[in-house]
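In: Got a predicted structure plus its sequence, pasted below:
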Amino acid sequence: MVTVDYSLYLVTDSSLVPHDLTFLGQIEKALEGGVTLVQLREKDLDTGPFIELAYKVKALTRQFNVPLIINDRIDVALAIDADGVHIGQDDMPLTQARQLFGNDKIIGVSCNTIEEAQIAVHQGADYLGIGAVWNTATKKLTKKTLGIQGVQDILAAIPPIPNVVIGGIKLDNGKELLENTTGVSGLSIVSGIMAAPDAKKACKELLSMIRNYVVNPMTVQNEIVEYAIKAIEHIKTKSPLVHHMTNNVVINDNANATLAVGASPIMSTNDEEVNDIAKINGSMVLNMGTLSPKMAETMSMAMKSNHDLGHPIVFDPVGAAATEYRRVHTKKFLESGTVTVLKGNTGEILYIAERGGKSRGVDSVGGNGGEENAALAVKETAQKYNCIVAMTGEIDYVSDGHRVFAIENGDNLLACITGSGCMVSSIVGCFTAVNRDNYLYATIAAILLVTIASEKATKRSDVQGPGTFRSALIDELYNVSNKPSILEEYAKIREVKL
């Protein structure tokens, strides 16, 4: 599913169009004015005419690369291959709609209460339509209006999710709403656009106001993806040497993953050659999965040598909370002040951040404590140790101590093979080796490449389970890195506001 900009969401109503204008003309003018999403809502049309009209509206939205949502009618949405469908509380249940419509389409749900919103989030809605905020003449209301406080109460009771607020919204009260709420993704407008004598001008004014309060997620994502594509090209061009001191279980996979993206691995734990390798190194990857006293000493030497030469150091604190021995060395390595990127799983990073964190051996167990806890964990740890912190899990979180990003790519099979997290560390080493201008974006780019490669691998007909997935993952790291424009299609990145 593509990332959607919900900032200015038009809901159509043909009955509102001024007599001297046309329905399709209003939609076209609205698109010219910057509408970011269109919902075709025509309650009184029969199926045939609705489909005919939907095709015409789709042709317009495609010209402006804006998604088209169909209100209520899943049959119409399927018939024209719309981008999504919006359902109300009295329409088809969300779970059934998802079965019919598939996981690659957008499904929005109307919500008027905290309970309705929580159920919609739990069932997997892609966005919420929250309202009605104020009285509106475009729809007969059967429930109370929310007002600004009601909107804020709903948003405070649910995890962050894309949403639009609807109901009696104009330019002035929309501004008041955005000034006094946190977490609104956009405004849904009906009469303010459809009844406007100049829909293009109305949309420009609305969007200009909205942009003062709502960050377009597409802008952020596109910026990072553009960086990632160039970063991959740098790896291919420069083929940096990435020195690994990693655990014995994953040496072969880490080396192959490094080669697959165009870098050159060296897997040495010999303390007598640490300084010589550092002189020709691009980056250093340290993984304490099979830590021993000798390995710990050599790792400390490697960290100092590479730090003195200005090379980025990626530290993977495998099993950081599992034993006292690992806890002591995790702290020692981090307090050395040489780590550029700290990359760990959920249990490891939460433990380091003192925000929970449970593990069984080297595996993370339990959740992340919610998005706010996860985001604060990476942000606070990045500030404390002056490095980039990446926490991998069902959703990956990355921070430089100022900004926090969530990456929602990746397939569940990553958790079914040993060393997938270690592989991520290797790829972070590849990216940071030759993209030293922005270690935050380089780290996000590395995680993005691995997680999207995992999604591509799972779709292959030759993948039947974890064993075949492991081999396919290496293949897809190679394939995606040789065609990095694929990232534009798959990337799901958003900035987390705290």
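Out: Happy to help now that I have it.

In: Give me the distance between the closest residue to residue 211 other than its chain neighbours and residue 103.
Out: Distances taken as C-beta to C-beta, 6 or more residues apart in numbering put residue 7 closest to residue 211, at 7.1 Å, once the chain neighbours are dropped. (Glycine included, C-beta is placed from N, CA and C.) Distance, residue 7 to residue 103, by C-beta to C-beta, to the nearest Å: 24 Å.

In: Strands of the stretch 251-400 of the chain, start to end?
Out: 264-267, 283-287, 313-316, 341-345, 358-360, 363-365, 388-392, 396-399 (DSSP state E, counting those that start in this stretch).

In: quick revisit: and the gap between the residue nearest to residue 211 and residue 417?
Out: As for residue 7, its distance to residue 417 is 39 Å (criterion: C-beta to C-beta).

In: Please verify my assumption that the residue nearest to residue 211 contacts residue 212.
Out: No - applying C-beta atoms under 8 Å, one finds residue 7 not in contact with residue 212, separated by 11.0 Å.

In: what about the two, which has more around it?
Out: More crowded of residue 7 and residue 212, by other C-beta atoms under 10 Å: residue 7, with 24 against 9.

In: Let's test this: name the helix or strand in the chain with the lowest mean pLDDT.
Out: Across the helices and strands of the chain, mean pLDDT, DSSP states H and E gives its lowest value to strand 363-365, namely a mean of 51.

In: burial measure for residue 172, as a count.
Out: So residue 172, with other C-beta under 10 Å, has 9 neighbours.

In: Enumerate every residue touching it.
Out: If you count contacts by C-beta atoms under 8 Å, 6 or more residues apart in numbering, residue 172 has none.

In: so when I look at it, I'm seeing a helix, right?
Out: Yes - applying DSSP: H, G, I helix; E, B strand; the rest coil, one finds residue 172 inside a helix.

In: Pipe the strands of the stretch 251-400 of the chain into TSV and attach mean neighbour count and distance to residue 229 per row.
Out: TSV is the format used below for the strands of the stretch 251-400 of the chain (neighbours: other C-beta atoms under 10 Å; distance: least, C-beta to C-beta, whole Å):
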stretch	mean neighbour count	distance to residue 229
strand 264-267	17	21
strand 283-287	28	20
strand 313-316	28	21
strand 341-345	29	20
strand 358-360	16	35
strand 363-365	18	31
strand 388-392	28	20
strand 396-399	27	18
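
In: quick one: which of these is nearest residue 184?
Out: Residue 184 lies closest, by C-beta to C-beta, to one member of the strands of the stretch 251-400 of the chain: strand 396-399, at 22.2 Å.

In: For the residue lying closest to residue 264 once chain neighbours are set aside, what are phi and psi?
Out: Spatial nearest neighbour of residue 264, chain neighbours left out: residue 241 (5.0 Å); criterion: C-beta to C-beta, 6+ apart. Phi and psi for residue 241, reported as degrees, to the nearest 10, are phi -80, psi 130.

In: Can you tell me how far residue 48 is from residue 40?
Out: Counting by C-beta to C-beta - residue 48 and residue 40 are separated by 15 Å.

In: that older thread, spit out the contact partners of the residue nearest to residue 211.
Out: For residue 7, the contact set (C-beta under 8 Å, 6+ apart) comprises 36, 185, 186, 187, 207, 210, 211, 214, 216.

In: Out of those residues, which sit inside helices?
Out: Residues of the contacts of residue 7 located in helices (DSSP state H): 207, 210, 211.

In: of the residues you listed, buried ones?
Out: Buried by 16 or more other C-beta atoms under 10 Å: 207, 210, out of the ones in helices among the contacts of residue 7.

In: what helix or strand is the closest residue in space to residue 80 that isn't next to it in sequence on?
Out: Leaving aside its chain neighbours, residue 80 sits nearest to residue 54 (4.7 Å; criterion: C-beta to C-beta, 6+ apart). Take DSSP states H and E as the rule and residue 54 turns out to sit in helix 47-63.

In: hmm, back to that, could I get the ones in helices among the contacts of residue 7 as TSV with distance to residue 60?
Out: Below are the ones in helices among the contacts of residue 7 laid out as TSV (distance: C-beta to C-beta, whole Å):
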residue	distance to residue 60
207	18
210	21
211	23
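
In: Let me have the ones in helices among the contacts of residue 7 in JSON lines, adding distance to residue 301 and pLDDT as columns.
Out: JSON lines is the format used below for those (distance: C-beta to C-beta, whole Å; pLDDT from 0 to 100):
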{"residue": "207", "distance to residue 301": "56", "pLDDT": "94"}
{"residue": "210", "distance to residue 301": "54", "pLDDT": "94"}
{"residue": "211", "distance to residue 301": "51", "pLDDT": "89"}
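
In: Just the closest of the ones in helices among the contacts of residue 7 to residue 83, please.
Out: residue 207 (19.7 Å).

In: right, and the closest one touches residue 32 too?
Out: No - Residue 207 is beyond contact range of residue 32, at 11.4 Å (criterion: C-beta under 8 Å).

In: okay, and the common contacts of the two?
Out: Contacts common to residue 207 and residue 32, judged by C-beta under 8 Å, 6+ apart, are absent.
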